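**Q** I would like the atomic coordinates for the input below:
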Amino acid sequence: MAKMIHSMIRVRDEARSVAFYEAAFGLKVADRLAFESFTLIYLSNAEDDFELELTVNHGHGAYELGDGYGHLAVSVADVAAAHGHVAGTGATCTAIKELALGGKVVGKFFFVTDPDGYKIEVLQRGGRFK
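**A** Next up is the predicted model:
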């Protein structure tokens, strides 16, 4: 059986991205591998062993996200508190929304945008969002 271990996004500014993910989600650098033409930075926290890999391609300008990328998602115990915390870092956040199906709320969430324009969905823990 396969085990999911990380997801990778390309970023322009390592320090800015590391600072964002630490301030917003408590992710810390677990490892940093600097190669001649690129650097890989692995971020994680005690909550899970799944990591976010930031790839910095040296000398590369801005990336185009295109229309194929969706979003990363994290779950939190208290979505309202998380919204206040993340918005307090200066990050751009949507309002908290509810997703209902058949009259039943199946998700409560907001989105935040990272420094490179990637969307992160922050979901209230519960149901299928553990």
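
**Q** next SSE after the lengthiest helix in the chain?
**A** In the chain, ranked by residue count with DSSP state H as the criterion, the top helix is helix 14-25. Later in the chain than helix 14-25, the nearest helix or strand by DSSP states H and E is strand 28-34.

**Q** per-domain residue ranges of this structure.
**A** 1-58, 70-130 (automatic domain parsing).

**Q** show me what the mean pLDDT comes to for the last one.
**A** The one in question is domain 70-130. Averaged across domain 70-130, pLDDT comes to 94.

**Q** now the end-to-end length of it.
**A** This stretch, domain 70-130, spans 20 Å end to end (Cα to Cα, to the nearest Å).

**Q** try stretch 111-126
**A** Note: stretch 111-126 ends 17 Å apart using Cα to Cα.

**Q** hmm, who's touching that stretch?
**A** Around stretch 111-126, the neighbours that count as contacts under Cβ atoms under 8 Å, 6 or more residues apart in numbering are 9-13, 16-17, 20-21, 24-25, 62-63, 65, 69-79, 82-83, 86, 91-94, 107-110, 129. Heads up, the C-betas are built off the backbone N, CA and C, glycines and all.

**Q** try stretch 56-71
**A** Residues contacting stretch 56-71 (Cβ under 8 Å, 6+ apart): 10-14, 36-39, 41, 111, 116-121.

**Q** what of stretch 77-85?
**A** Contacts of stretch 77-85 (Cβ under 8 Å, 6+ apart): 24, 76, 93, 96, 108, 109, 110, 122, 123, 124, 125.

**Q** go through these and flag which are in strands.
**A** Assigned to strands by DSSP state E, the following of the contacts of stretch 77-85 qualify: 76, 93, 108, 109, 110, 122, 123, 124.
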